[in-house]
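1. sequence and predicted model, in that order:
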Amino acid sequence: MNPHALMRRCLSAAAALMLSAGALAVTAPAAAQADDDKNTLLIATDQEVDTFNPFKRRFVITYNTSIMTYETLVRMGTDYEPVPGLATEWVESADGLEWTFTIREGAKWSDGEPLTAQDVAYTYNLMIENEDIRTWNIDFAGNLVSAVAPDDTTFVLTLAAPAPAEVLTREVFIVPEHIWSEYPDPSADDANQPPLVGSGPFQVTEYQTDEFVRLAANEGYWDGAPGFDEIVYDYYSEADAAVAALEAGEVDVVSGLNPAQMDALEKQDHVTVNDAQGRRYVSLTLNHGTVTQDGTEFGDGHPALKDPVVRNALHTAIDKQALVDTVLDGSGTPATSLIPSIFAQYHWDGGDQLVQFDIDEANRMLDEAGYERGDDGIRTMPGGGDKLSFRFYHHADNIAYATIVQFVTEWWTELGIEVTPEPIEQGTLNDLAYLGEFDIAFSGWGVGPNPTEQLGMHTCAVLPTLTDGSERSSENSYCNTEYDALHEQQKVESDPDARAELVKRQQELLYTEAPVIWLYYQNTTEAYNHDKIGGMQTQPSEGGMITGQQGYAWAYVSAQPQAAGDDGGAPMWVWIAVGAAVVVVAAAAAWFVLQRRKTADERE
């Protein structure tokens, strides 16, 4: 795209933001009321809770509340290494099939009941015996044979095949048997409602839709009570409103910032900004044909997208580096697959398979495959028939995605492809995606250091059995027996280097068949009020992130209240909001991009 086109996009984005700035001046965000007698850590969120059932968590807000409410046997350390959690030690049998864990003595549930190995066995047995929970977690649960507690401090897990990495890094949140055994259906979304009973450092006590999630500190936590009395996730439907609230001291932590917002916040004396390598990707899901496990096709995706030539031509006509440079202002890297480069051991860099941006080559691919242009310049299916006219769904409230759509639409138009962009509310978009009623749509996930769960979303085993969109374990109906064989091998491969090679081969298959086009790995861009918060531990420990942590909430458990700053001179919220919006618009004209991170797990 030439500089003049870039400037047009820039001015268009700035104009759109100016309109939203006007709305900010008259619309205050919803916020929970903090108790003046408590030290409250306020975190901005733009996402609604999908479920409080930790066996089915998908949205990032659900994941965040789960890692604070519940403990796992083994924590993920500050550098993604296994460290003791509810288990103080563990022993693997010589054949790798039996694991014996010593459960921490003295640990209690937040309601005061003792936590024992029986709770652990109950939790793992839910994954073995409850059909829905097992299906939801099939990659791990499918390898479990038995889970028993010989006594209160000993838990024995038996596997069908050795899988040390899975055992030590799979996040199985231990739930209290005395609570969960009373639920008629532990797999249901409504089986677990606030106030939650858990063993973690904080407990969800209250939730109001479109307003907040409140978590109270667990004063009886075995590892010591946290520094803050409570954590409140405050809901902000507009990213700029959250930024303004941080400036005004009305919220303490904000993440998913675009370059203009980062620049504006960096000028605030009470704010620290952090731009850290992240573990999230943004991608385009292509509807190559949605199908159930028994082969029943459903949905209404365009038939051309079943052709890997078309999918690869679309891939070839995307300049990922341009998106990183503009949409992210360089705070990220072009993506090759679903494992970000932060996890170097498993990341596949594309090698000699790496697609290079080349509009002419993409046109040649389509020409040779018989997709001829009509009199209107739009290509049709080989032999005539349907035009290559694709619906392109994106999140209605995500300016970054709208900007990407503008770029990609211009590139694809040069291929003789008609693109119809349509902004859709996130929940509706997800519903349509799982119903197969789309052509191209955005997706994005946060990835952990164990790749199995993400890779497993592309296996035949998680294809739905129904066509109503209710089963959401598959990313987009990808099914490849070679990929599945590699997946089963890597899960039980004990040699780290050999496992990494298997995982890279899986990624290569996904890349070349292109059911998904991975656009970029974005950095975690965040900011916090250092006048109120100190001592937050990052992950990784050096130069790491605060809000995107995996396996344990190190940042929030380590956070300590600071002396209250002087807020007497703070301007009124309305003026701060307007001022912040103006700064963002001005910065957008210079930086071009307006990037707003919606969620670490948008299809979750």
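-> Here it is on my side, so go on. All values derive from a computational prediction rather than experimental measurement. Numbers count the residues shown, from 1 in each chain.
2. helix or strand: which one has the nearest residue to residue 377 once chain neighbours are set aside?
-> Spatial nearest neighbour of residue 377, excluding adjacent residues (CB to CB, 6 or more residues apart in numbering): residue 416 at 5.7 Å. Quick note: C-beta positions are derived from backbone N, CA and C, even for glycine. Per DSSP states H and E: residue 416 is located in neither a helix nor a strand.
3. point out where this protein drops to low pLDDT.
-> Low-confidence segments of the chain (pLDDT under 70): 1-36, 564-604.
4. where does the closest residue to residue 145 other than its chain neighbours land in three-state SS?
-> Nearest non-adjacent residue to residue 145, counting by CB to CB, 6+ apart: residue 158, 4.3 Å away. Classification of residue 158 using DSSP: H, G, I helix; E, B strand; the rest coil returns strand.
5. how near is the residue nearest to residue 377 to residue 313?
-> Residue 416 is 10 Å from residue 313, where distance means CB to CB, to the nearest Å.
6. surely the residue nearest to residue 145 meets residue 128?
-> No: applying CB atoms under 8 Å, one finds residue 158 not in contact with residue 128, separated by 10.0 Å.
7. A strand includes residue 43, no?
-> Yes: Residue 43: assigned to a strand according to three-state DSSP.
8. give the burial count for it, as a bare number.
-> For residue 43, the neighbour count with other CB atoms under 10 Å is 23.
9. in contact with the nearest residue to it once chain neighbours are set aside, which residues?
-> Leaving aside its chain neighbours, residue 43 sits nearest to residue 253 (4.5 Å; criterion: CB to CB, 6+ apart). Residue 253 makes contact with 41, 42, 43, 44, 246, 526, 527, 528, 529, 533, 546, 547, according to CB atoms under 8 Å, 6 or more residues apart in numbering.
10. just give me the neighbour total for the fifth one.
-> Residue 246 has 26 neighbouring residues, counting by other CB under 10 Å.
11. just give the number of residues close to residue 470.
-> By the criterion of other CB under 10 Å, residue 470 has 11 neighbours.
12. ok, now residue 237?
-> Neighbourhood size, residue 237 [other CB under 10 Å]: 12.
13. tell me the secondary structure of it, please.
-> Applying three-state DSSP to residue 237 yields a three-state assignment of coil.
14. same check on the one 3 residues further on?
-> When classified by three-state DSSP, residue 240 comes out as helix.
15. for the residue lying closest to residue 118 once chain neighbours are set aside, give me phi and psi.
-> Closest residue in space to residue 118, ignoring its immediate chain neighbours: residue 149 at 4.8 Å, by CB to CB, 6+ apart. With angles defined as degrees, to the nearest 10, residue 149 sits at phi -120, psi 100.
16. now do the contacts for residue 149.
-> Neighbouring residues of residue 149 by CB under 8 Å, 6+ apart: 116, 117, 118, 120, 121, 155, 156.
17. rerun that using 10 Å as the cut-off
-> Residue 149 is in contact with 101, 103, 116-122, 124-125, 155-156, counting by CB atoms under 10 Å, 6 or more residues apart in numbering.
18. among the residues you listed, find me the one that's closest to residue 405.
-> Ranked by distance to residue 405 (CB to CB), those are led by residue 124 at 44.0 Å.
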